[in-house]
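Chemist: Fold the following for me, if possible:
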Amino acid sequence: MKKTININPKNKKLALFYAEASLKIGTGHIMRCLVLAKFLSKKGWNCKFVSSQESYELIPNLRDFDKIKPSEMEKNPITNDLLVFDNYQIDIEYEKKFRAYSKIIMVIDDLSNRSHQCDILIDQNLGSKKDDYNNLVNQDCKILAGSSYALLRKEFFETRNKSLEKRKNTTNIKKILVNFGGSDLKNHSLKALKEIENSSFNGDIEVVLGFKSPNLKEIQEFSKSSRNNIKIHNLANMAQIIHECDLAIAAGGSSAWERCCLGLPTYVIKIADNQDKIYQELGFAGSFNEFLEYSQQNYQKLSLKLSNYVDGMGTERVYKEIEFICNSCVEFNIN
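Modeler: So this is what the prediction gives:
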């Protein structure tokens, strides 16, 4: 692929991430973009986010990167090496507006329901295939489909071996993780806690809520009367918590790949339509108590199956594709 674009090679490579977070849409889009942005930053790139003030207020880690208002980007597009769109409201018509300003346009999608104009498309869902995007992207688009391209932080790869070794020696389920993303407006976390309370489980529960969870007080009140020892987290080291837990009851969003990487058996609850593929692959047709008993009897087999879906190297693979295409482009200075 050869393209000419106005880039000054004396500067750092510039990556712009167009994504949003809110209590309504959740934090998943921003969180997976943050993974790639931090990886690129360590490789010497300059990364900025085209996002709303609400996103920055909701996700503290986003403040490590400069903010560009979407309206400013539309009025005065910034010449860049990489423009990443992770937004279900954006399609080919909007992407075309920035074609002349971007050396590489990359789209992160998991719906395969609209057309795109891009150089790279990532669909990290388990079971996703290149054919899902037939007639939806330009012919020279590089499609990265499947969970081998899951964007995970380096902590998960670093924790993977010791976590999988721990699973091999797990004989009793003593600690359960409850996690339903960054907003959980319908309070699935409380519903999950009640499911656990009504099951045969008796032990420790780690509840990870969003940065500004509207359900904190209600879950705190429930915890006081529970027979289980419930610990609540707002900011959490997810790799460490997943490693420490023996089972999870959680959403089928992008955090599913974190749990797979560390081999954590999970009772998946679908909380959004875009989680259909994940639920179809990882869901369990039965009650949580039935899943608890099944996992206890088949723990090592289930853990190994999940760990084979994601090896923690997805971010590295995506980075190599970006660099390859970026280096294949023709550059020239502007005065």
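
Chemist: what about A285, neighbour count?
Modeler: A285 has 6 neighbouring residues, counting by other Cβ atoms under 10 Å. Bear in mind the C-beta positions are built from the backbone N, C-alpha and C, glycine included.

Chemist: typo on my end, N11
Modeler: With other Cβ under 10 Å as criterion, N11 counts 9.

Chemist: go on, the one 10 residues further on?
Modeler: Taking other Cβ under 10 Å as the neighbour definition, A21 ends up with a count of 27.

Chemist: correct me, but it touches S55?
Modeler: Yes. Counting by Cβ atoms under 8 Å, S55 is a contact partner of A21 at 4.3 Å.

Chemist: Can you work out which residues contact both of these two?
Modeler: Shared contacts of A21 and S55, defined by Cβ atoms under 8 Å, 6 or more residues apart in numbering, are found at 30, 62.

Chemist: low pLDDT regions in the stretch 151-300 of the chain?
Modeler: Low-confidence segments of the stretch 151-300 of the chain (pLDDT under 70): 274.

Chemist: if we go to 90?
Modeler: Residues of the stretch 151-300 of the chain meeting the criterion pLDDT under 90: 181-185, 210-214, 234-236, 251-255, 270-283, 285.

Chemist: and if you look at the stretch 1-150 of the chain?
Modeler: Using pLDDT under 90, the flagged stretches of the stretch 1-150 of the chain are 1-12, 23-27, 58, 60, 110, 125-127.

Chemist: Let me see the confidence value for E331.
Modeler: Looking at E331, its pLDDT reads 53.

Chemist: which residues of the stretch 1-150 of the chain fall in helices?
Modeler: Secondary structure of the stretch 1-150 of the chain (DSSP state H, counting those that start in this stretch): helices at 28-42, 53-58, 70-75, 92-96.

Chemist: Can you mark which positions in the first one are buried?
Modeler: The one in question is helix 28-42. 28-40 (16 or more other Cβ atoms under 10 Å).

Chemist: Outline the domain layout of this protein.
Modeler: As assigned by automatic domain parsing, the chain contains the domains 4-152+313-332, 154-307.

Chemist: distance of L136 from R114?
Modeler: 7 Å (Cβ to Cβ, to the nearest Å).

Chemist: These two: which has the busier surroundings?
Modeler: Neighbours per residue, other Cβ under 10 Å: of L136 and R114, the larger number sits with L136, 17 against 14.

Chemist: next one: phi and psi at the more buried one?
Modeler: Dihedral pair for L136: phi -110, psi -10, per degrees, to the nearest 10.

Chemist: which ones are touching it?
Modeler: By Cβ under 8 Å, 6+ apart, the contact set of L136 is 112, 114-116.

Chemist: cool, E158 as well?
Modeler: A239.

Chemist: what about it, which SS state?
Modeler: Using DSSP: H, G, I helix; E, B strand; the rest coil, the structure places E158 in helix.
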